[in-house]
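Chemist: the sequence and its predicted three-dimensional model are supplied below.
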Amino acid sequence: MFSFCADPETLDSLRWLACYLTTAKHANLYTATLVVLALLAITAPAAMIFGFGGAMAARSRLLPLRVFGHGYISIVRGVPDIAFFLFFVIALDQGFEWIRHKVKCPDWDEPIRQGNDFIVCAEAKLPLGTSAQWIHETYGFFLAVLTFAIVFGAFCANVLYGAMRAVPRAQLETAEAYGMSRRQTFWRILVPQMWVYALPGLGNLWMVLTKATPLLFLLGVEDIVYWARELGGTANPRFTDYPHGDWRMWYFLALLVFYLGLTRISEIALDRLMIRLSHGQATTGGEALRKAAT
């Protein structure tokens with residue numbers, strides 16, 4: 001906060017606005033923006049790992065793995081996202097605590113499930129009751145990332161599975177004819193070529209993931225939508241030294257600009273990546289690039 005912000009009632013419009021936008025509450029809004037960007041940066045590759053594993057399982061020769069892969073894809077895609085977001089946070093949290101409870105409190109003789117209550121020993125709680133606030137926030141963010149990765153990983157798995165099937169079978173047969181093993185064919189022929197088929201679907205998933213970040217509030221993480229609503233709608237002097245009317249429209253307009261800007265940057269990056277991946281590929285885009293080069 002600036003030095004001239006000591007007495008808000010003596011400020012003119014511009015200095016009042018400068019002081020207002022640099023309060024501690026607005027710092028939470030700016031921090032929440034970084035949290036959203038961090039979520040996207042971590043969740044996207046994590047979801048790709050889940051998706052690649054699910055796609056490989058779905059096309060496995062082993063029946064149990066194939067059933068698991070198709071089941072993972074079908075179940076997650078067939079249930080509303082909000083239901084999975086709420087389910088996974090509770091299930092993962094209780095699962096981690098149950099494992100810790102079995103390790104740290106082997107002599108516990110009471111049932112963990114007592115009616116609607118889930119009770120474990122104090123040593124097994126995550127995080128511990130004596131932990132600092134930042135540990136609680138980090139743990140909540142970790143659960144949010146894991147939940148987003150599991151849910152969107154199923155959609156990635158469906159896209160990658162379709163992209164693997166789109167690679168011309170003749171190229172795989174040619175690789176086998178040259179003496180490549182199944183593993184070599186998969187990693188040297190199939191995987192490098194599938195990305196050009198998968199990128200449009202993965203690009204759409206990235207946009208959906210971006211728009212799904214406001215669901216962080218359901219997972220216990222105070223996101224930018226939460227703070228925009230609180231800061232824009234408050235006129236309570238206990239919440240801020242700069243009371244005002246209902247400014248939610250302006251805060252949500254700023255969120256609109258933020259998400260549109262993020263979407264536009266994503267579109268430019270995806271278009272450039274598609275051009276790069278299309279070089280030398282036996283696709284319409286690759287043929288267009290070859291003709292343009294000549």
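Modeler: Looks like it arrived, so ask away.

Chemist: using PDB, write out every CA atom in stretch 160-179.
Modeler: What follows is stretch 160-179 as a C-alpha-only set of coordinates in PDB (Å, rounded to 0.1, in the frame of the first residue of the first chain):
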ATOM      1  CA  LEU A 160      -5.400 -40.300 -27.600                       C
ATOM      2  CA  TYR A 161      -7.100 -43.700 -28.100                       C
ATOM      3  CA  GLY A 162      -8.900 -42.300 -31.200                       C
ATOM      4  CA  ALA A 163      -5.700 -40.700 -32.500                       C
ATOM      5  CA  MET A 164      -3.800 -44.000 -32.100                       C
ATOM      6  CA  ARG A 165      -6.400 -45.700 -34.200                       C
ATOM      7  CA  ALA A 166      -6.300 -42.900 -36.800                       C
ATOM      8  CA  VAL A 167      -2.700 -43.600 -37.700                       C
ATOM      9  CA  PRO A 168      -2.700 -45.500 -41.000                       C
ATOM     10  CA  ARG A 169      -2.400 -49.200 -40.400                       C
ATOM     11  CA  ALA A 170      -0.200 -49.600 -43.400                       C
ATOM     12  CA  GLN A 171       2.600 -47.700 -41.700                       C
ATOM     13  CA  LEU A 172       2.500 -50.000 -38.700                       C
ATOM     14  CA  GLU A 173       2.600 -53.000 -41.000                       C
ATOM     15  CA  THR A 174       5.600 -51.600 -42.900                       C
ATOM     16  CA  ALA A 175       7.500 -51.100 -39.600                       C
ATOM     17  CA  GLU A 176       6.700 -54.700 -38.700                       C
ATOM     18  CA  ALA A 177       7.900 -55.800 -42.100                       C
ATOM     19  CA  TYR A 178      11.200 -54.100 -41.500                       C
ATOM     20  CA  GLY A 179      11.600 -56.200 -38.400                       C
END
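
Chemist: how distant is that stretch from the center of its chain?
Modeler: 31 Å (C-alpha atoms, centre = their mean, to the nearest Å).

Chemist: what lies in contact with it?
Modeler: 51-52, 54-55, 58-59, 69, 73, 182, 184-185, 188-190, 193-195, 197-198, 201, 282 (C-beta atoms under 8 Å, 6 or more residues apart in numbering). Any C-beta I mention is one placed from the backbone N, CA and C, and that applies to glycine too.

Chemist: swap in stretch 253-261?
Modeler: 33, 210-211, 224-225, 228.

Chemist: please redo it, this time with the cut-off set to 7 Å
Modeler: 210, 224-225, 228 (C-beta atoms under 7 Å, 6 or more residues apart in numbering).

Chemist: now which of the residues you listed would you call buried?
Modeler: Among the contacts of stretch 253-261, those buried by neighbour count (16 or more other C-beta atoms under 10 Å) are 210, 224-225, 228.

Chemist: in helices only, show me those residues.
Modeler: Judged by DSSP state H, the subset of those located in helices is 210, 224-225, 228.

Chemist: show me which pair in the residues you listed is furthest apart.
Modeler: Farthest pair in these (C-beta to C-beta) is Thr210 and Ala228. Separation: 16.2 Å.

Chemist: work out for me the element Val120 sits within.
Modeler: Taking DSSP states H and E as the definition, one finds Val120 inside no helix or strand.

Chemist: contacts only, for it.
Modeler: So Val120 contacts 97-98, 101, 112 (C-beta under 7 Å, 6+ apart).

Chemist: returning to that earlier point: adding pLDDT and distance to Asp246, write the buried ones among the contacts of stretch 253-261 out as a markdown table.
Modeler: Output for these, formatted as a markdown table (pLDDT from 0 to 100; distance: C-beta to C-beta, whole Å):
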| residue | pLDDT | distance to Asp246 |
| --- | --- | --- |
| Thr210 | 90 | 27 |
| Ile224 | 86 | 18 |
| Val225 | 84 | 16 |
| Ala228 | 84 | 12 |
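
Chemist: okay if I get the residues you listed as TSV plus distance to Ser278?
Modeler: TSV is the format used below for those (distance: C-beta to C-beta, whole Å):
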residue	distance to Ser278
Thr210	24
Ile224	35
Val225	37
Ala228	39
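
Chemist: how far away from the center of its chain is stretch 85-93?
Modeler: With C-alpha atoms, centre = their mean, you get 15 Å for stretch 85-93.

Chemist: what sits up against it?
Modeler: So stretch 85-93 is in contact with 126, 143, 146-147, 150-151, 215, 218-219, going by C-beta under 7 Å, 6+ apart.
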